[in-house]
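A.B. asks: Predicted structure and sequence below. I'll ask about it afterward.
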Amino acid sequence: MPRRPWIGLLCFWPGLPQIWTGQEVFGLMLAGFFAATVNLAVAARWVWVEAFAPGWADFFAAAAILTWSVAFAYTSWWVWLCHPERHRQEINRLFQEAVEAYLQGKWNESRRRIERILALDDTDADALLQLGAIHVRTHQPEAARRAFRQCLEQDGGSKWRWEVERALAALDSPAS
């Protein structure tokens with residue numbers, strides 16, 4: 001199943017889609033808050049009935065429903081409007097233009113297009129590799145190292161491991 005619909009299915013449990021897409025801290029906070037409100041609602045209604053004043057069970061249930069509704073709405077909005085797959089055609093066009101500008105020696109023009117790609121999909125390993133190459137050409141070794149290391153951290157970065165390791169070795173050699 002493609003990633004975007006799978007994330008859409010995950011939105012029924014708050015926090016899970018965020019964890020799946022790399023927003024671990026936000027996802028854990030959302031999941032923790034939802035789980036806490038659900039547990040408090042269940043405990044106040046059926047387990048520790050005497051421990052809570054009247055009305056608290058309804059408050060916790062409402063908080064759980066509200067948390068679920070907001071998380072579901074946010075995740076649905078993100079999956080259908082902001083997910084990188086929605087912008088795949090524009091990303092491909094921008095990448096082609098960036099490579100053409102790079103080959104013509106128009107480093108800044110290429111960098112701007114790559115940065116636009118990364119604004120749409122910050123996990124694009126191909127764009128990160130290209131950004132690292134641009135930084136090498138423009139004599140920005142620290143920025144190049146950052147881009148290359150970030151490339152290796154992405155799912156698609158393993159296909160570029162050999163090239164990135166060679167580029168990092170070249171940056172670390174005394175001649176550069």
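C.D. replies: In hand now; what should we look at? Residues are numbered from 1 along each chain as shown.
A.B. asks: quick one, helices of this structure?
C.D. replies: 3-10, 16-20, 24-42, 56-77, 88-103, 107-120, 125-137, 141-153, 161-172 (DSSP state H).
A.B. asks: Highest mean neighbour count out of these?
C.D. replies: Per residue and on average, the most neighbours among the helices of the chain fall to helix 125-137, with a mean of 22 (mean count of other CB atoms under 10 Å). Placement of C-beta: from N, CA and C, glycine included.
A.B. asks: could you check the angle helix 161-172 makes with that helix?
C.D. replies: For helix 125-137 against helix 161-172, the angle by axes from the mean of the first three to the mean of the last three CA atoms, to 10 degrees is 20 degrees.
A.B. asks: Kindly report the domain assignment for this protein.
C.D. replies: 3-82, 86-172 (automatic domain parsing).
A.B. asks: related to what we said a few turns ago, TSV please, covering the helices of the chain and showing mean pLDDT and distance to Val49.
C.D. replies: As requested, the helices of the chain are exported to TSV (pLDDT from 0 to 100; distance: least, CB to CB, whole Å):
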stretch	mean pLDDT	distance to Val49
helix 3-10	66	34
helix 16-20	80	31
helix 24-42	91	11
helix 56-77	90	8
helix 88-103	92	53
helix 107-120	93	51
helix 125-137	95	54
helix 141-153	94	50
helix 161-172	92	59
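A.B. asks: Just send those back as TSV, with distance to Trp48 too.
C.D. replies: Formatted as TSV, the helices of the chain follow (distance: least, CB to CB, whole Å):
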stretch	distance to Trp48
helix 3-10	32
helix 16-20	28
helix 24-42	10
helix 56-77	10
helix 88-103	51
helix 107-120	49
helix 125-137	51
helix 141-153	45
helix 161-172	54
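A.B. asks: show me what contacts Trp13?
C.D. replies: Ala31, Phe34 (CB atoms under 8 Å, 6 or more residues apart in numbering).
A.B. asks: any idea how far it lies from Thr75?
C.D. replies: Distance of Trp13 to Thr75, computed by CB to CB, to the nearest Å: 10 Å.
A.B. asks: what do you get for Ala35?
C.D. replies: Computed as CB to CB, the Ala35 to Thr75 distance reads 16 Å.
A.B. asks: ok, now Glu142?
C.D. replies: Taken as CB to CB, the span from Glu142 to Thr75 is 36 Å.
A.B. asks: wait, Ala44 sits on Ala53?
C.D. replies: No - contact criterion CB atoms under 8 Å: Ala44 and Ala53 do not qualify, at 9.3 Å.
A.B. asks: between those two, who's got more neighbours?
C.D. replies: Ala44 (21 against 9; other CB atoms under 10 Å).
A.B. asks: can you pull the contacts of the spatially closest residue to that one that is not a sequence neighbour?
C.D. replies: Leaving aside its sequence neighbours, Ala44 sits nearest to Ala57 (CB to CB, 6 or more residues apart in numbering; 3.8 Å). Residues near Ala57 by CB under 8 Å, 6+ apart: Ala41, Ala44, Arg45, Val49.
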